[in-house]
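> Sequence and computational prediction follow.
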Amino acid sequence: MSKSKTKRLVKTLFIIASLASLWFVPWILVKAWISPLPNTVQEQVEQAVGYGFDGMIVYIDKAGEPPVFHSAGLDNRKQKTLTDPHALFKIGSITKLYLAVATAKLVNDKQLALDKTLAEYLPELSEHIEHANKITLRMLSNHRSGIPNFTNHPGYWDNVPKSRKEKLELVLDLPADFKPDTDYQYCNTNYLLLAKIMDSVLGYSFHEYIKNEILIPLELNNTFSGLQEVDVNSLMSGYYVGFEDDLKTVDYGINGYGSMVASAQDVGVFLRALNDGSVFNSPEEQALYASIYVYDHGGLLPGYQSLAEYHKDLDMVVVQFMNTTNFEGYNWNLSQIFINRIVKIMKHKTNA
């Protein structure tokens, strides 16, 4: 077969494969993706809640412009209360950004060492976590430890353990998913262990350290270590598809690493400080952070999904909260589509 015929065949097969793959893409995602882009972010937010979300909050901080709040839909189904853009929200794994900043600060202050091993910090786990003597703090921080993820344990979300000890026990004595530093796998266990190490080294809760070193300096008065610190009346309701109960009072982070609670604005202020470096005390501290973790993040808990992004080309922070989830559905994919569309609208506005 000639080279030209081979190229045409490959191109044809690629087109066929692409069309076939579309057959398996849920059409609700295709509709959200290809729908005409609205002229304003508020229109997009209002359209988004029509895709099965109860309520939505968006906070935008673009350099040179005052911060803007958008909201649509319902906070509480039964009470029919409208979404409040200043409401508190369970931010799930966005919490890892705060933990990673705390790690960089403690390393810079010589209280932690990135190349020290898990076995050195927590010797009691040496016989229960495979490769504990080779897994370093750096590997925990950047998800290269190979330790199994406790939230992947069968039935985890049906009966969530209430303590850090119980969560950790779900992965003790299990084989590693891979040898340390040979692969990447996002893993909640890594940050649970980081929190445990911080508590041990500090002699007090890592939450208190984050409050003193991050929240107070940035004046983040609407950010809390967990549900136990807040008035639930100020917390946005959360719903899981197929269940009518409001999940706002369900606490997934008791006695250890879990979800922080914050307003969209507070998350946005923190994210800008993270990206412009003002959360750090020195260039060395900032460089340490850059070596271990990322600058954007998402969070997902039953009833609560969030995205926090910084777009350098626009010098813009976008925080998006949605209070309806479905782990087996497409809500997470939809949330990513909508935040991308919001960014596109802002780009068009900038270039107009």
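The structure has been received and is ready for your questions. Residues are numbered from 1 along each chain as shown.
> mind listing the strands for the stretch 51-200 of the chain?
55-62, 68-76, 81-82, 88-90 (DSSP state E, counting those that start in this stretch).
> what sits up against the longest one?
When you say that, I think you mean strand 68-76. Residues from elsewhere that reach strand 68-76 (Cβ atoms under 8 Å, 6 or more residues apart in numbering): 41-42, 45-46, 48-49, 53-62, 80-87, 236-237, 246, 264-265, 323. C-betas here are computed from N, CA, C, even on glycine.
> repeat for the last one
Judged by Cβ under 8 Å, 6+ apart, the contacts made with strand 88-90 from elsewhere in the structure are 57, 222, 224, 227, 230, 234-236, 238, 252, 259-264, 299, 301, 303-304, 306, 321, 323.
> Buried members of these into PyMOL, please.
Per 16 or more other Cβ atoms under 10 Å, the buried members of the contacts of strand 88-90 correspond to this PyMOL selection:
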select buried, resi 57+222+224+227+230+235+236+238+252+259+260+261+262+263+264+299+301+303+304+306+321+323
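> follow-up on the earlier one: from the contacts of strand 68-76, list just the buried residues.
41-42, 45-46, 48-49, 53-62, 83, 85, 87, 236-237, 246, 264-265, 323.
> Go through the contacts of strand 88-90 and flag which are in helices.
residue 264 (DSSP state H).
> Just the ones in strands from the contacts of strand 88-90, please.
57, 224, 261-263, 299, 301, 304, 306, 321 (DSSP state E).
> Please state the backbone phi and psi of residue 38?
phi -70, psi 170 (degrees, to the nearest 10).
> ok, it - how many residues close by?
15 (other Cβ atoms under 10 Å).
> got it, and residue 74?
21.
> now do residue 332
16.
> so which of the ones in strands among the contacts of strand 88-90 comes closest to residue 185?
Using Cβ to Cβ, residue 299 comes nearest to residue 185 of those, at 18.2 Å.
> Tell me which residues touch that closest one, please.
90-95, 259, 305-308.
> any idea where the helices of the stretch 151-300 of the chain begin and end?
Using DSSP state H, counting those that start in this stretch, the helices found in the stretch 151-300 of the chain span residues 164-169, 188-202, 206-210, 264-276, 283-290.
> which of the ones you listed sits most buried?
Stretch with highest mean neighbour count among these: helix 264-276 (a mean of 23; mean count of other Cβ atoms under 10 Å).
> Could you list every helix and strand in contact with that helix?
strand 55-62, helix 95-108, strand 223-224, strand 304-311, strand 316-322 (3 or more Cβ pairs under 8 Å, 6 or more residues apart in numbering; DSSP states H and E).
> average pLDDT for it?
Averaged across helix 264-276, pLDDT comes to 98.
> what do you get for stretch 56-73?
Here the average pLDDT along stretch 56-73 is 97.
> re the thing from before, tell me the one among the ones in strands among the contacts of strand 88-90 nearest to residue 279.
Nearest to residue 279 among the ones in strands among the contacts of strand 88-90, with distances taken as Cβ to Cβ, is residue 262, at 14.5 Å.
> and that closest one, how far is that from residue 150?
Using Cβ to Cβ, to the nearest Å, residue 262 is found at 23 Å from residue 150.
> Poorly predicted segments of the stretch 1-150 of the chain, please.
Applying pLDDT under 70 to the stretch 1-150 of the chain picks out residues 1-25.
> which residues in it form helices?
Counting by DSSP H, counting those that start in this stretch, the helices of the stretch 1-150 of the chain are 3-23, 27-34, 41-48, 95-108, 118-121, 137-141.
> Buried ones in the second one, by neighbour count?
Right, the one you point to is helix 27-34. Those would be 28, 32, for helix 27-34 by 16+ other Cβ under 10 Å.
> Same list, the helices and strands packed on helix 264-276, but as a markdown table with distance to residue 336 please.
Formatted as a markdown table, those follow (distance: least, Cβ to Cβ, whole Å):
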| stretch | distance to residue 336 |
| --- | --- |
| strand 55-62 | 13 |
| helix 95-108 | 18 |
| strand 223-224 | 24 |
| strand 304-311 | 7 |
| strand 316-322 | 9 |
